[in-house]
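K.L.:
Give me a 3D structure for the following:
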Amino acid sequence: MNRQVIMDALKTSKVKIDFRSLSSNRNITGIYTGHPAGQSTQSNKVVVWDVVNEKWDDIEWETIISWERLNEATVC
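P.N.:
The predicted structure is shown next:
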């Protein structure tokens, strides 16, 4: 998985990310945008804004199952 590609997508659009929660061990799907501050691809986590729940979250890179860039027409 190319971390830089995902971070670039988070800067410019909404992104649907499927990942496994480390605390509950369940799969979570959410719609996210990126944090305005620069982030390093070397970090083990990416900080994201949860568009639906309106809160900041951090996702460990290794827990990401899949992701896709959403266009505005697909997001309510």
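K.L.:
contacts, neighbours, all on C-alpha from now
P.N.:
Will do.
K.L.:
mind listing the strands for this structure?
P.N.:
14-20, 27-34, 45-50, 55-60, 64-70 (DSSP state E).
K.L.:
got any ranges where this protein has weak pLDDT?
P.N.:
With pLDDT under 70 as the threshold, the chain has low-confidence stretches at 72-76.
K.L.:
ok, now with 50
P.N.:
Scanning the chain for pLDDT under 50 picks out 75-76.
K.L.:
What sits closest to residue 29 if chain neighbours are left out?
P.N.:
residue 18 (4.3 Å; CA to CA, 6 or more residues apart in numbering).
K.L.:
Pull the number of nearby residues for that neighbour.
P.N.:
Neighbour count of residue 18, defined by other CA atoms under 10 Å: 17.
K.L.:
what's the closest of the strands of the chain to residue 5?
P.N.:
strand 64-70 (10.3 Å; CA to CA).
K.L.:
Kindly reformat the strands of the chain as TSV containing distance to residue 2.
P.N.:
TSV is the format used below for the strands of the chain (distance: least, CA to CA, whole Å):
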stretch	distance to residue 2
strand 14-20	14
strand 27-34	16
strand 45-50	13
strand 55-60	14
strand 64-70	11
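K.L.:
Mind checking those strands for the one nearest to residue 8?
P.N.:
strand 27-34 (8.5 Å).
K.L.:
Contact partners for residue 33?
P.N.:
10-15, 48-51 (CA atoms under 8 Å, 6 or more residues apart in numbering).
K.L.:
ok so, going back, the residue nearest to residue 29 reaches residue 68, doesn't it?
P.N.:
No - judged on CA atoms under 8 Å, residue 18 makes no contact with residue 68 at a distance of 9.1 Å.
K.L.:
Name whatever forms a beta bridge with the residue nearest to residue 29.
P.N.:
Note on residue 18: beta-bridge partners residue 29, residue 66, judged by DSSP bridges.
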